[in-house]
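1. return a 3D structure for these sequence lines:
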Amino acid sequence: MKKETIRTDITVIGGGLAGVCAAVAAARQGRTVALVQNRPVLGGNASSEVRVWVSGASATGTNRFARETGIMGEMFVENQFRNPDGNPYYWDLVVLETVKAEPNIQLFLNTDVHEVEATGPEGDRRITSVIGWMMGSERRIRFESSLYADCTGDGLIGFLAGATYRIGREAADVYSESWAPQAADDITLGSTLLFYTKDLGHPVKYVPPSFAIDITKTTIPERRIIRSGDSGCYYWWIEWGGEVDTVHENERIRDELWSAIYGIWDYIKHSGKFDADNLTLEWVGSIPGKREYRRFIGDYVLNQNDVLRQEPFDDRVAFGGWSIDLHPPQGMYAVESGSKHMYADGIYHIPYRSLYSVNVSNMLMAGRNISASHVAFGTTRVMATCAIMGEAAGTAAALCAKKGVTPRELHAHHLEELQQTLLRQDASVIGLVNRDPLDHATRAAAAASSELTELTIDKAVDTLPLEADAGLLFPVHPAMERIGLLADVSEETVLEVELWDTGRAENFVPHSRIAKADIRVKAGAEQWVEAELPWHPSEPCNAFVIVRANDAVTLRLSNQPVTGVLSFVRGKQPVVDPRLEERQPAQPVVEWSMRKLARNPICFRLSGVTAAYAAGRAIDGCARPYGGPHMWVSQPMTEGREEWLELSWPDPVSVSEVQLIWNDDVNEYLINLHYIRTPFDVMPELAADYRVEAQVDGEWTVLHRETDNRKRKKTHRFQAVTTGKLRVVVERTNGCPRAELIEIRAYS
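-> You can find the predicted model right below:
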């Protein structure tokens, strides 16, 4: 046996997406990191070993402008380019290369940590080391650090260190949660195995193993959806183990899931109800994808009410948007539907106090083991949300290591520095403003070659019959008076149009009605229907216009989207088969669906001039949609025409670094493994070719030139120059007719 000791600033245990993002975030802050993973690949449940697709705040396209940025966002966009068909092995490579790109990370795969050394009384513990065994190498490795991040999912490290935790469901009166049971219990969500199929083009026989169950003797055929062409993610409902210990009974759970999968396949192949003669099983999982086990107690326990009221915590460091998604304890054998969902009206915020232990002073946590009630955990558990909590925890650990403070002391004395560091990283935080004193751009004046000042979409290529209410969202800055809709009218009618606000700046659904117009319209094709809907809000915000259903009216649709404008149809039916999922009533983000209209907006024109896309919006401190878009958008670029954004200062400044955040359309739903794919490998709105210039001695000097860009965040460093003017010149985009820049920062 080879014994060795690894000393780093931070040790991250667990190589799922939470651990990966924690390690990368800490490393990018200049800290040395040991990332320890007990499997041969990174990614956890998202890896090729388990193949659960990465879900997050977008909630399969239910939430608007909600895709994660930061490290998780980088991996989403890179995977879109490299792996548009969702090959699970290519996704492994995206995650692995994200880690390997950081020289401050030492990666230890196949290393199972099962020993923890900690000191101090029960209420004030401190981890001094963790010890792991590297399988296949006979190496016993001791990891010593000042900070530890438990990203194991099951919470093994914190448990061995004596961290306070909870397993199971709290009683309803603990946090006044309507979805919690009346009495506490130890029931959790179960585990899942998935399978893939393949059409071989010729008949393939199947002899089921002796342990395959006869699913006709269960509720599965009646209560769950089975289709021969489905595989992988569609079978998330193959779940079991919620009524047993999901860790200590892991092997038993795996065997039960195998029995079910091979029984389901027997049913598909031999029941005569499916076209499956040429299908074979290409892959069956062998590692149960766990949903729930230990949840550590932090200085704050996130609960159902925080999620649904979208509590704007002062210490928010991440956000979520998946529904509160709870499953019946019996899993696939339950008589009731496979899951029930409750959404907030938009994204919700996650506090930093839920990411560190209440009694282990140098331990942070990220992933499904954070400080949350069972009900709140029903939404925080999805992997993209776990990932951005990992980035927040890793950033906090780096600052703790740098300053020699505990996570709790960081909250007490350095919270704003943590949040500002996250904003500079383009992390997934909403509603906070850049106040970085080192950023020269915050003190600059902004100008541009042109600005998008008119909101008009008038090139019609498709139609939308008003069989149901339609919705249109757009920014209002500073005011609106009238809106026109392009429509076909089959007979004279009265069209009802209403103007609503969205309530909160992070929401994109109708909240309160501002005005209403009933318009008498004569029959006629492709006519502009004008509605007087005056509104002068006190600050920039979004408007939500509802066009009520009318059988005589068909709206026109375009294929030329404008950033910040979304179209909707009010759904009458559940999003999915009600046998599979139970959705609760009165959930606006579900009721108003944008899925089919994401890049096919309703044709409209807005009276007056908008300032929503002015040059100054690129230095207003926000890098995500919040009460409207926060970015500079140019007029359409004609052939060969360049567009530029310029910063100027009354007194020259020294600049050696420029950070750019390009628009990668966080409304576009991306997925790593699922069937959903975009028709493009690179976001059209991203600038492809551009240059950064400074005015020196009255002449524009090129500081950096970029070609074929496909990333959202770009940081360019160069020899320091002293200048009074700096500009970014967009030469070509990846398909969008306009130049779109979310944020520019300038540093010495």
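2. make it CA atoms for all contacts and neighbour counts henceforth
-> OK.
3. can you find the helix or strand of the protein with the lowest average pLDDT?
-> Scoring the helices and strands of the chain by mean pLDDT, DSSP states H and E places strand 582-583 at the bottom, with a mean of 64.
4. now the element after that one, going C-ward?
-> Later in the chain than strand 582-583, the nearest helix or strand by DSSP states H and E is helix 588-591.
5. only alpha carbons, please: show that next one as CSV.
-> The C-alpha coordinates for helix 588-591 follow below in CSV (Å, rounded to 0.1, in the frame of the first residue of the first chain):
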residue,chain,number,x,y,z
PRO,A,588,-49.0,30.9,-14.3
VAL,A,589,-45.6,29.7,-15.6
VAL,A,590,-47.2,26.4,-16.6
GLU,A,591,-50.5,28.0,-17.8
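6. give me the buried positions along that helix.
-> Counting neighbours by 16 or more other CA atoms under 10 Å, one finds that the buried residues in helix 588-591 are 588, 589, 590, 591.
7. my read: the second one touches residue 507, true?
-> What that stands for is residue 589. No. At 9.1 Å, residue 589 does not count as touching residue 507 under the criterion of CA atoms under 8 Å.
8. overlap in contacts of the two?
-> 345, 346 (CA atoms under 8 Å, 6 or more residues apart in numbering).
9. if the residue nearest to residue 310 when sequence neighbours are not counted is in a bridge, with which residues?
-> Of all residues not flanking residue 310 in the chain, residue 348 sits nearest, at 4.5 Å (CA to CA, 6 or more residues apart in numbering). Beta bridges link residue 348 to residue 320 when assigned by DSSP bridges.
10. pretty sure residue 348 contacts residue 323?
-> No. Using CA under 8 Å, residue 348 is not in contact with residue 323, being 10.3 Å away.
11. quickly note the distance from residue 443 to residue 650.
-> The spacing between residue 443 and residue 650, counted by CA to CA, to the nearest Å, is 10 Å.
12. swap in residue 706?
-> 28 Å.
13. between the two, which one's more packed in?
-> More crowded of residue 706 and residue 650, by other CA atoms under 10 Å: residue 706, with 15 against 10.
14. what pLDDT is listed against that one?
-> Per-residue confidence (pLDDT) for residue 706: 98.
15. next up, the contacts around it.
-> Listed by CA under 8 Å, 6+ apart, the contact partners of residue 706 are 688, 689, 690, 691.
16. that's a helix at the first one, yeah?
-> No. According to DSSP: H, G, I helix; E, B strand; the rest coil, the state of residue 688 is strand, so it is not within a helix.
17. what is the neighbour count of it?
-> Residue 688 has 22 neighbouring residues, counting by other CA under 10 Å.
18. wait, doesn't residue 684 sit right on residue 732?
-> No. The pair residue 684 and residue 732 fails to qualify as a contact (CA under 8 Å) at a distance of 10.5 Å.
19. and residue 306, helix, strand or coil?
-> Following three-state DSSP, we place residue 306 in the helix state.
20. for the nearest residue to residue 356 once chain neighbours are set aside, name its beta-bridge partners.
-> Nearest non-adjacent residue to residue 356, counting by CA to CA, 6+ apart: residue 364, 4.1 Å away. Judged by DSSP bridges, the bridge partners of residue 364 are residue 149, residue 356.
21. again, but for residue 746
-> Here residue 746 sits in beta bridges with residue 658, as judged by DSSP bridges.
22. also residue 195?
-> Counting by DSSP bridges, the residues bridging with residue 195 are residue 284.
23. in terms of pLDDT, where does it sit?
-> At residue 195, pLDDT is 96.
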